[in-house]
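Asks: next comes the sequence, and after it the predicted model I'd like to discuss.
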Amino acid sequence: MNFEQIVDEVRALATNLIDLNHTVLFDLGDEGKVLIDATGDEVVVTANPNDDEAETTLVLSSENAQKLVNGELSPMVAFTMGKLKIFGSKGIALKLSALLDE
């Protein structure tokens with residue numbers, strides 16, 4: 001799965017993330033970045049945003065991002081195993097994890 005497919009998968013999940021009410025940036029290194037902005041009436045997913053500012057930044061490989069979005073990798077397991085680094089609010093990351101599990 002390439003970067004654009006990951007972005008498409010995140011966009012497909014956007015309706016599930018309306019209750020997030022925060023901004024989260026997925027930093028996939030050289031592959032790119034994906035910003036989820038759930039602060040408005042609808043969730044906006046932006047690939048490679050001009051502004052990297054988010055309340056929480058999740059740093060992981062594109063391979064692990066794919067597994068995370070597809071439900072093949074638990075966010076808690078990824079964090080515990082060092083496959084996922086969280087910068088900013090860990091509470092927002094936990095809320096995102098719960099919404100992805102639904």
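Replies: That came in fine, so what should we check first? These figures come from a predicted structure and were not determined experimentally.
Asks: report the beta-bridge partners for Thr23.
Replies: As for beta bridges, Thr23 partners with Asp37 under DSSP bridges.
Asks: was I right to think it contacts Asp37?
Replies: Yes. Using Cβ atoms under 8 Å, Thr23 is in contact with Asp37, at 5.0 Å. Placement of C-beta: from N, CA and C, glycine included.
Asks: element containing the nearest residue to Thr46 once chain neighbours are set aside?
Replies: Nearest non-adjacent residue to Thr46, counting by Cβ to Cβ, 6 or more residues apart in numbering: Leu35, 4.5 Å away. Assigned by DSSP states H and E, Leu35 belongs to strand 33-37.
Asks: sorry, back to before: give me the number of residues near the residue nearest to Thr46?
Replies: Number of residues near Leu35 (other Cβ atoms under 10 Å) recorded here: 22.
Asks: now Ala47
Replies: The burial count for Ala47: 16, using other Cβ under 10 Å.
Asks: ok, now which ones touch it?
Replies: 3-4, 7, 32-34 (Cβ atoms under 8 Å, 6 or more residues apart in numbering).
Asks: repeat that with 7 Å
Replies: 7, 32, 34 (Cβ atoms under 7 Å, 6 or more residues apart in numbering).
Asks: how about it, phi and psi?
Replies: phi -90, psi 130 (degrees, to the nearest 10).
Asks: what about Ser61, neighbour count?
Replies: Ser61 has 14 nearby residues by other Cβ under 10 Å.
Asks: coming back round to it: which elements pack onto the strand holding Leu35?
Replies: helix 3-13, strand 23-27, strand 44-47 (3 or more Cβ pairs under 7 Å, 6 or more residues apart in numbering; DSSP states H and E).
Asks: got the angle between it and helix 3-13?
Replies: Per axes from the mean of the first three to the mean of the last three Cα atoms, to 10 degrees, the angle that strand 33-37 makes with helix 3-13 is 10 degrees.
Asks: contact partners of strand 33-37?
Replies: 6-7, 10, 17, 23-27, 43-49, 52, 54.
Asks: now swap in stretch 49-58 and tell me
Replies: Contacts for stretch 49-58 (Cβ under 7 Å, 6+ apart): 22-27, 33, 35, 84, 86-89, 92-93.
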